[in-house]
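Asker: structure, please.
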Amino acid sequence: MHSVKVLGSGCANCERLAALADKALNDLGREERVEKVTDYAAMAAMGVMATPALAVDDQVVLAGRIPSSDALKELLAAKVTA
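Answerer: A predicted model of the protein is given here:
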């Protein structure tokens, strides 16, 4: 199983990205659930300069924006089904 994380302060955009990612994973039939990371040191260690950010298996795949539901589903499909 893959690790999926939303990195950010817990702001509305971070919560929105987490909800969209959870829905996309559910739509893909995946069992992964989104972990929320709000620790600034952990975000910095991953190289995150803009939030919200999304990481799959500790690799940042998106930062500083919220993609459309379809784009997020495509991104996660490519990362979690590989």
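Asker: check contacts around the closest residue to residue 10 other than its chain neighbours.
Answerer: Nearest non-adjacent residue to residue 10, counting by Cβ to Cβ, 6 or more residues apart in numbering: residue 38, 5.1 Å away. C-beta: built from backbone N, CA, C; applies to glycine. Residue 38 makes contact with 7, 8, 9, 10, according to Cβ atoms under 8 Å, 6 or more residues apart in numbering.
Asker: after the longest helix seen in the chain, which helix or strand is next?
Answerer: If you go by DSSP state H, the chain has its longest helix at helix 12-27. Using DSSP states H and E, the helix or strand that follows helix 12-27 in sequence is strand 34-37.
Asker: that next one - contacts with which helices or strands?
Answerer: In terms of contacts (3 or more Cβ pairs under 8 Å, 6 or more residues apart in numbering; DSSP states H and E), strand 34-37 is packed against strand 4-7, helix 12-27.
Asker: hey, which of the ones you listed is tucked in deepest?
Answerer: strand 4-7 (a mean of 24; mean count of other Cβ atoms under 10 Å).
Asker: show me what that strand is packed against.
Answerer: Applying 3+ Cβ pairs under 8 Å, 6+ apart, one finds that strand 4-7 contacts helix 12-27, strand 34-37, strand 53-56.
Asker: name the strands paired with the last one and say parallel or antiparallel.
Answerer: So that's strand 53-56. strand 4-7 (antiparallel), strand 59-63 (antiparallel) (DSSP bridges).
Asker: where does the prediction get shaky in this protein?
Answerer: 82 (pLDDT under 70).
Asker: try 90 this time
Answerer: Applying pLDDT under 90 to the chain flags the ranges 1, 10, 79-82.
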